[in-house]
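Chemist: Fold the stuff below for me.
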Amino acid sequence: MRLVLAFHHFVALAFFIVSLNFHVTQAQSIRLYTISNNETNQCLTHSVVQNLEPSVSLKPCTTTTSSGTLTASNNQRWIFTRASNSYSILIQAFNTNPPLCLETKPDTDQILITDCEEIWQPGHFWTRKCDFDTSRCYFKSVSGQCLQERKRSVGDSLLKVEDCKKEQSYWTVSASYALYEAEINGNNI
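Modeler: Sure, this is the predicted structure:
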């Protein structure tokens, strides 16, 4: 009887912890923007338009500092979700249904955003390394190449994955709101 009771307590505690982790993960929305001056920062932006394939691109960041904090529109917000491999993450779009994840296509430099439920796809997995002093991170695909901005002389910048080049490989990671601090303090970055 004691064993059964203990088991029920264990199951209840495990469910509570899983629920808490899910809630905290969902709360930690962030944005990723390229390294440049404040006038020309480009944010990683996802777009979901009816009857069209979801897409991802770089667009000018939309921010406000009237309250002393950085904010971003929903389509410039992202969540880092742990993958099955503790060294990998999914870069998941904020508040989409179905959940969408950043993906690379093998043997190309193409960046897509596709249904997260197909997480067995190698292109969904990313590793990250961050410098906490500067809030800068780089993101490596399974091929070992880095997510980067491809600058063009005319028009919007494009996304690519290519061999990591020190400065061009970095992204600035900014919290959409304060709860992101919990992820940093929890060493999940």
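
Chemist: Every contact and neighbour count from this point should use C-alpha atoms.
Modeler: Will do.

Chemist: So which residues of the protein form strands?
Modeler: Assigned by DSSP state E, the strands in the chain fall at 30-34, 42-47, 55-60, 78-82, 89-93, 100-104, 111-115, 127-131, 136-140, 146-150, 158-162, 171-175.

Chemist: Which elements pack onto the second one?
Modeler: Packing partners of strand 42-47 (3 or more Cα pairs under 8 Å, 6 or more residues apart in numbering; DSSP states H and E): strand 30-34, strand 55-60.

Chemist: Most tightly packed of those strands?
Modeler: The highest mean neighbour count among the helices and strands packed on strand 42-47, using mean count of other Cα atoms under 10 Å, belongs to strand 30-34: a mean of 23.

Chemist: what residues are up against residue 127?
Modeler: If you count contacts by Cα atoms under 8 Å, 6 or more residues apart in numbering, residue 127 has them with 87, 88, 89, 139, 140, 141, 142.

Chemist: Quick check: phi and psi on the second one?
Modeler: Recorded main-chain torsions at residue 88 are phi -120, psi 160, according to degrees, to the nearest 10.

Chemist: And for it, the neighbour number?
Modeler: By other Cα atoms under 10 Å, the residues close to residue 88 number 20.

Chemist: thought it was touching residue 126?
Modeler: Yes. Counting by Cα atoms under 8 Å, residue 126 is a contact partner of residue 88 at 5.3 Å.

Chemist: Let me see the contact set for residue 76.
Modeler: Residues in contact with residue 76 (Cα under 8 Å, 6+ apart) are 31, 32, 43, 44, 45, 46, 61.

Chemist: Turn the residues you listed into CSV, including distance to residue 168.
Modeler: Output for the contacts of residue 76, formatted as CSV (distance: Cα to Cα, whole Å):
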residue, distance to residue 168
31, 17
32, 14
43, 14
44, 15
45, 18
46, 21
61, 18
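
Chemist: which residues of this structure score low on pLDDT?
Modeler: 1-28, 36-40, 62-72, 85-86, 118-120, 152-156, 176-189 (pLDDT under 70).
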